[in-house]
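Novice: pasted the sequence and its predicted model underneath.
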Number of protein chains: 2
Amino acid sequence: MSESTKYVYLFGGNASEGNAKMKQLLGGKGANLAEMSSIGLPVPPGFTISTEVCDLYYKLNHSYPEGLEQQITTNIEKLEELTGKTFGRGPIPLLLSVRSGAAISMPGMMDTVLNLGLNDETLPALIELTQNERFALDAYRRFLQMFGDVVLGIEHHEFEDALQQVKERYKVKSDTELSVEALKEVIVEYKDVYDQNNTSFPQDARAQLEASINAVFGSWNNPRAKKYREINDIRGLIGTAINVQAMVFGNMGEDSGTGVAFTRNPSDGTNEFYGEYLMNAQGEDVVAGIRTPQPISHLESVDKSCFDELVEVRSKLEKHYLEMQDLEFTIEQGKLYILQTRNGKRTAAAAVRIAVDMMNEGLISEEEAVLRVNPNQLDQLLHPAFDPGAEDRAVILAKGLPASPGAATGQIVFSAHDAETWSDQGKTVILVRVETSPEDIGGMNVASGILTSRGGMTSHAAVVARGMGKCCVAGCPEAVINHDAKTVTFGSTTLSEGDWLSLNGSRGTVYQGEIDTVDPQLTGPFRTIMTLADQYRKLGIRTNADSPQDTAVAIKFGAEGVGLCRTEHMFFEGERIVSMRKMILADNEDERKASLDELLPYQREDFIGIFKALDGKPATIRFLDPPLHEFLPHDKEGQEEMAEATGTSLQHIQDTVAALHEFNPMLGHRGCRLGIFYPEITAMQARAVIEAAYAVPGSKPEIMIPLVGNVKELAHQKKVVLDVYEQLKQEHGKELDHFKIGTMIEVPRAALTADEVATEAEFFSFGTNDLTQMGCGFSRDDSGKFLQRYVELGIYEYDPFQVLDRAGVGELIKLSVVKGRQTRPGIKLGICGEHGGEPSSIEFCHRVGLDYVSCSPYRVPIARLAAAQAAIKNEYGILTR
Amino acid sequence: MSESTKYVYLFGGNASEGNAKMKQLLGGKGANLAEMSSIGLPVPPGFTISTEVCDLYYKLNHSYPEGLEQQITTNIEKLEELTGKTFGRGPIPLLLSVRSGAAISMPGMMDTVLNLGLNDETLPALIELTQNERFALDAYRRFLQMFGDVVLGIEHHEFEDALQQVKERYKVKSDTELSVEALKEVIVEYKDVYDQNNTSFPQDARAQLEASINAVFGSWNNPRAKKYREINDIRGLIGTAINVQAMVFGNMGEDSGTGVAFTRNPSDGTNEFYGEYLMNAQGEDVVAGIRTPQPISHLESVDKSCFDELVEVRSKLEKHYLEMQDLEFTIEQGKLYILQTRNGKRTAAAAVRIAVDMMNEGLISEEEAVLRVNPNQLDQLLHPAFDPGAEDRAVILAKGLPASPGAATGQIVFSAHDAETWSDQGKTVILVRVETSPEDIGGMNVASGILTSRGGMTSHAAVVARGMGKCCVAGCPEAVINHDAKTVTFGSTTLSEGDWLSLNGSRGTVYQGEIDTVDPQLTGPFRTIMTLADQYRKLGIRTNADSPQDTAVAIKFGAEGVGLCRTEHMFFEGERIVSMRKMILADNEDERKASLDELLPYQREDFIGIFKALDGKPATIRFLDPPLHEFLPHDKEGQEEMAEATGTSLQHIQDTVAALHEFNPMLGHRGCRLGIFYPEITAMQARAVIEAAYAVPGSKPEIMIPLVGNVKELAHQKKVVLDVYEQLKQEHGKELDHFKIGTMIEVPRAALTADEVATEAEFFSFGTNDLTQMGCGFSRDDSGKFLQRYVELGIYEYDPFQVLDRAGVGELIKLSVVKGRQTRPGIKLGICGEHGGEPSSIEFCHRVGLDYVSCSPYRVPIARLAAAQAAIKNEYGILTR
């Protein structure tokens, strides 16, 4: 080797030979330590052996390049100088830690050796120094065990067995109860273990170090580490670096201590120094919770100099990292050391406040502030939550899927009908069902929360609840429901109708009894971030809302219109369902039209309510989509009720249900296929929309024909709509200010022929749920089982129903955008599948140039923020994937 | 107008001013008459008023360009000259027909006037001339009626009422019974009708003509004609032409006559003059069947001169049109007129013989001969057929869907099990079922034909029967089956088990009793055409075959390999289904493996049989595809049987069936999703294939992973297969000569990411059934109802399950071809959906550059011919759509 090749990089003493950018060479940890040191933080000094050495170690068949040994020697000398300690000798022995650290973090996968440098000679020095014989003996026995296990490959259990024997001899249970005498015996026993393995513990500290370096480099290719890299698709690394660092001890007496701190309050974001410490303690004492730590502010009175230095470090850290930091420190005999710093985890409320404060403090730009908040985390702020203390004290009955966030508490009911009755009586109810169906919508709407024992994250209950912004725990098999007895049993606890139950829909937990909830706060920094987001985002944000109430909620959250109004939900309430069912049972067009005439006023009123709530914002209204059988009861009891209500025979109803049965209803007689079969349904819906629009001046209706796969389907339905419009135009003597007809793009064929479809469509709205179902061939109702496995196997990175599948479904969207604009350059493009509220999918929508996304009301703020982040990332060229 | 604008074109007298190429100007009929005349055929002379006049007629607000009147006058004079008759006068009155004729045929949509020129003056002359007062009177009263109705717009029923009164007065029922006296009264009554409508019948022939021309041009835009053009998407025509032609009469005495003839035998294709005639008769007399026509050869003895001229015409026609012609002729007082000629319809056998003969006679090229046979028609030749006479005499019981062609006769059985038992006893059976399921495969296989009361052209029965080349009539609701009584009732006829029944699967007819069948003839001209087809086609032809028997049939029909071997069918027979069910019921991997071990030898034997039948030709073997529930019985009886056979509890079976239930099984847990969940299934299948391939030297296995949507699915399954291969390679100490792993492209996502999929796939086979289901969002099991309406409405031109949807599904195929070859230039591309046997779809496959198509054995000859036609059409630039 040439003299000039540098393998070892020093850090510490307010200087360092590396910096944060040298991750590839020094590993993440090494680069970070160098950076901390270079900005003047009091890091315990040490040196990093570069990743190149690891590479050479394997290339040279487990040996090292020339010169390395000398560089290590030189650096140990420097450490001795910086610390005033001596390596392998007294009076103040220098103890070292030897840790791996690759460019990409692989936590726990490789080996670590601590307390290196202890031997029969330095042990007494350490005892003398710390005046704590028990601590020093414990450190030595730990080192013996770790070195034997990690470096020499002695079976871990041999040390454990030896330790166990001593514990039995002294009749103690935990390691901490071992007396000085006992620990001395452990050390003797441990040395015997070495002997029994025909090896010996090296007393020479330099030999300890070299063997440890071998072990750590060797662990780069242990099976566990290789598997980890394979699973996480970590490629292109040449090896791990090794960090050799002076150990410092917070338990060297009352002038020593240890603590953790956040540069701001991670719970609410307040700009205050926040943390806790313990004097004469090691980090693990803080974690173990045996002694109660003190708040950080208290340190000032104990060691003002260290406290002042810490406050200075806090300021230095924020100015350098421009982020709230989570730091670990140790005070060794009055000297402060910073062991680690990293971006601190925080609650959503804290994230928002910190971003806004840092912007106001001039630390970060507006764009950076917008990027600082994780959009998904916002969800926490938009729903009622339990009073945290109360929730901690509550009895957990079971855990299901966190299907729709928020907290709810109420009295148990077992049917949608009961939910409505009880609610009318002013009671707060939790609806408990095996699973829900469209018939339950009314009851779900009045319930404060919903619990189902069956169904996944995309079950009916989950989807509808999210749309309503209502708390829901789904798929909780531990909830065994007895409908006849009106009870639900969780293990040994049986609750009856009227008993109190509480749900945390963000966590999926089910609690016994009533728990106080607190309402969301949408003002202050939250409003600031949202206002900023609106300034930066390019995408419009609409909402999926089927009622005036939902629309009003969404407007409050900042929606700029309705992107998807599902008209079928309007047919389930009260009298409507009877007329709807009569329509389905009709034997001929005249009967069908008579039933549709009954439905018209209901539907018109709904649209009037929505148009009023929108106050001039546009509304995309999707015409009838689900197969007709969804409107019929499938159980005999329901069918009998229906027979009575509609004045039909039970047999006729059963025949109709049978006739409407389909093998694959997803791909069956639904969407515009219904409207083409029964144009009178489309005509009724068109009349309801247009009459409502005339009734509310300034309305902006946009009629959306669902499930179009062929431009001729759209042309057919468009003609039916325009015929109605023509007639109403004549009656009112004027046109509507705004009136568009467009289509969902949810059948792959529509995307593939988007150039043709655009000849008729004034807008496209991507129905990414169905586009995913058909594009990937996954039935949403059935694929949960194998999709979970698929994600585990890495076949799909995410469940494509949760995060838009860019390669497949995204390709169909891209095709549509290009082809659609080719035919009609100004065509309006949006997305109204559930992906419209998912940040990574929103980023994709921004990137392919859609005009807007539409999502459920409670996800509107999330979408606004995600859209702004996408725009900013795009501007700075940092979009993902 | 300038003097030079020519509006009227004369034809007749062995010359003409137009020709066949002038369709746009003269309309189809006008151009054809001009062409016939120009090659010297004795066409009754006439003239064509061009389509430009129609265009001007509308542009000039229902008036005509200057000069037209004079051109008509001039041409009437020429007609008088050519015919020796006089217009509107005696002694030999010239009667004219006035007919519409656009460039594209619109049969029956526009108006026609016949016998024009008759009036009170020419009527006696016609009587004198024909010596047939009744004929002349009838012609006159018809003209009065037609002119009043068509030209003057008098309601049709007014004439009918008048006619009815006279018939009642004379107590006759049909028009032909009206006496001379009665007809005279009709004429008087008809003139009264004109009076009552305040109009009068114009006695002036020229006035008759001008009014008729107005009427015909006017009919171009009648609502019926406009609707017809709309429905048939006929665009870009400027109007209709009008053909004014001298009428000739075959009923002017015993020296007159009329007939129809084919230039070759349309039934078997023999090169002989074939037809029939009647002397002293009009065309309608031949059609009406009151008198029995004479064979054409007999004419020689009656009127040798006309016969010789006809023979000459026959030869002239074939030399000119180079096609077998179907001609109509009339002899008027010893003079032969050819009224019409067109390509003659013919049976499949005739088509094949005529094409080969004409080629051998040097009339047409090899390519032309190949193009002359409609591939779909070949189906007639490949299956047993009824003895035609016997079929005509049989009693039709009902009509269902022609689900699978051929003829079958046998004794009725009502279960697959009975079919097998009876067949074992040497009986020929017809299996009659409400519908069939995979469990019925064995019974279907031994039945001579299958009748189902439910299900469409793509029902299980239909698809499987076509695959087997077995006659099937499906969806016959008139067949009311009583399983308990073992009877089937058609209206008033009830048949019991063992009664004889016959089915014509090409027509969908169900006959009572036994009918003799004749076997197909695949030699002679058929073989010649097939040999030619193989010379010209570029596409390889493989077959979809699941058994050695099917494979052998397909090889006989010219298949070059197996393109799709569906392994799931192999699991239904006998013992296998028990092991299969045990595998499905298994609670853990070990139990599952044990059952799979039982299945292995069966499957290996099947593959050995197929490889032997293929004798070195390649076989693409698709691994398990359908959802597991398809292998379980869904009725309680079957479940009880299964419980016994597998030694499991009924409850466990019912639980398993319930657990496997899916809302949309098409998009559920099937295809490679099974293999990924249970890799041991894939491993067993791989072992069976590879061991069989080692057992039969020269085998060419190609393993196909179904339902891949993501390259990682394929990679996963490929690894399972290759691990097995690796092990067997070691055991046998050598590689297989040929071994490929590829995938179906049947999920849209696979097509969209074909570049990625091709990194793993050595071949793609397009599963166009599923690609259509997912691409268009049509469940094949459910879409029959609305797809029929869609085709009626013209939303799809054809049912996309029958004819490949080029714009949508075709686009996915094109994308895959481009992307697949981009990654792997030599990738082998084929199609194995049912479209692989459909000529228009095959043409598409040729055009996008696939390597082969695969279809059911009985469609192999059709595919060979269609592929050749596609190649030839491509060569000459005449591909469709």
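Specialist: Great, that's in hand.
Novice: which non-adjacent residue is nearest A:A613?
Specialist: Distances taken as C-beta to C-beta, 6 or more residues apart in numbering or on different chains place A:T551 nearest to A:A613, at 4.1 Å, with adjacent residues excluded. All C-beta spots, glycine's among them, are computed from the backbone N, C-alpha and C.
Novice: can I take it that the one you found is in a helix?
Specialist: Yes. Under DSSP: H, G, I helix; E, B strand; the rest coil, A:T551 falls within a helix.
Novice: correct me, but it touches A:F607?
Specialist: No. Between A:T551 and A:F607 there is no contact under C-beta atoms under 8 Å: 10.7 Å.
Novice: overlap in contacts, these two.
Specialist: Shared contacts of A:T551 and A:F607, defined by C-beta atoms under 8 Å, 6 or more residues apart in numbering or on different chains, comprise A:A619.
Novice: next one: the one residue in the stretch 101-250 of chain A that gets nearest to chain B, what pLDDT does it get?
Specialist: Across the stretch 101-250 of chain A, no residue is closer to chain B than A:D233, which sits at 11.6 Å (C-beta to the nearest C-beta). pLDDT for A:D233: 78.
Novice: burial of it, as a residue count?
Specialist: 8 (other C-beta atoms under 10 Å in any protein chain shown).
Novice: ok, it - contacts?
Specialist: With C-beta under 8 Å, 6+ apart, A:D233 has these contacts: A:G794.
Novice: for A:R264, which non-adjacent residue is closest in space?
Specialist: A:M324 (4.7 Å).
Novice: in this structure the one you found contacts A:I354, no?
Specialist: Yes. At 5.2 Å, A:M324 and A:I354 qualify as touching, with contact defined as C-beta under 8 Å.
Novice: hey, what's in contact with both of the two?
Specialist: With C-beta under 8 Å, 6+ apart, A:M324 and A:I354 have common neighbours A:R264, A:R346.
Novice: can you give me the mean pLDDT across the helix or strand harbouring A:N243?
Specialist: Using DSSP states H and E, A:N243 falls within strand A:241-246. Averaged over strand A:241-246, pLDDT sits at 96.
Novice: so after it, what's the next helix or strand?
Specialist: Next along from strand A:241-246, by DSSP H and E: strand A:257-262.
Novice: heading C-terminal from that next one, find the next helix or strand.
Specialist: Downstream of strand A:257-262 (by DSSP H and E), the next one is strand A:274-279.
Novice: where's the spatially closest residue to A:E309 that is not a sequence neighbour, which helix or strand?
Specialist: Closest residue to A:E309 apart from its sequence neighbours, by C-beta to C-beta, 6+ apart: A:L336 at 5.0 Å. Element membership for A:L336, per DSSP H and E: strand A:335-343.
Novice: what's the very next helix or strand once past that strand packed up against?
Specialist: Downstream of strand A:335-343, the next assigned helix or strand under DSSP H and E is helix A:348-360. Packing partners of helix A:348-360 (3 or more C-beta pairs under 8 Å, 6 or more residues apart in numbering or on different chains; DSSP states H and E): helix A:366-372, helix A:375-382, helix A:525-536.
Novice: quick one: buried residues of helix A:348-360?
Specialist: A:A348, A:A349, A:A350, A:A351, A:V352, A:R353, A:I354, A:A355, A:V356, A:D357, A:M358, A:M359 (16 or more other C-beta atoms under 10 Å in any protein chain shown).
Novice: try stretch A:822-840
Specialist: Neighbour-count burial for stretch A:822-840 [16+ other C-beta under 10 Å]: A:823-824, A:827-840.
Novice: about what we covered before: mean pLDDT for the helices and strands packed on helix A:348-360: which is lowest?
Specialist: Across the helices and strands packed on helix A:348-360, the lowest-scoring stretch is helix A:375-382, with a mean of 86.
Novice: what does the helix or strand following it contact?
Specialist: Heading C-terminal from helix A:375-382, the first helix or strand you meet, by DSSP H and E, is strand A:385-386. Contact partners of strand A:385-386, identified using C-beta under 8 Å, 6+ apart, comprise A:A394, A:G406, A:A407, A:S502, A:N504, A:S506, A:I515, A:D516, A:T517, A:V518, A:P520.
Novice: do the same with stretch A:34-45
Specialist: Contacts for stretch A:34-45 (C-beta under 8 Å, 6+ apart): A:9-20, A:22, A:26, A:33, A:48, A:78-79, A:82-83, A:245-248, A:309, A:313, A:316-317, A:320, A:335-339, A:341.
Novice: next step: the residues you listed restricted to helices.
Specialist: A:L26, A:L33, A:K78, A:L79, A:L82, A:T83, A:E309, A:V313, A:K316, A:L317, A:H320 (DSSP state H).
Novice: what's the helix ranked longest in chain A packed up against?
Specialist: With DSSP H setting the assignment, residue counts place helix A:589-614 as the longest helix in chain A. With contacts taken as 3+ C-beta pairs under 8 Å, 6+ apart, helix A:589-614 sits against helix A:548-556, strand A:562-566, helix A:574-585, strand A:618-622, helix A:679-695, strand A:700-705.
Novice: which of these sits closest to B:V302?
Specialist: helix A:679-695 (61.4 Å; C-beta to C-beta).
Novice: I'd like to know which elements that closest one is packed against.
Specialist: helix A:589-614, helix A:672-677, strand A:700-705, helix A:711-732.
Novice: tell me how far it lies from the chain's centre.
Specialist: Relative to its parent chain, helix A:679-695 has a centroid offset of 42 Å by C-alpha atoms, centre = their mean, to the nearest Å.
Novice: outside of it, which residues touch it?
Specialist: A:567, A:583, A:589, A:592-593, A:596-597, A:599-600, A:603-608, A:611, A:621, A:623-624, A:674-675, A:699-701, A:703, A:716-717, A:720-721, A:723-725, A:728, A:732, A:736, A:739.
Novice: so which residue is dead centre in chain A?
Specialist: A:N376 (6.3 Å; C-alpha atoms, centre = their mean).
Novice: excluding chain neighbours, what is closest to that residue?
Specialist: Going by C-beta to C-beta, 6+ apart, A:N376 has A:P839 as its nearest residue, at 6.2 Å.
Novice: so the one you found makes contact with A:I862?
Specialist: Yes. Counting by C-beta under 8 Å, A:P839 does reach A:I862; the two are 6.9 Å apart.
Novice: so what sits against both of these two?
Specialist: A:P375, A:N376.
Novice: and A:T494, that one's in a strand?
Specialist: Yes. With three-state DSSP as the criterion, A:T494 is part of a strand.
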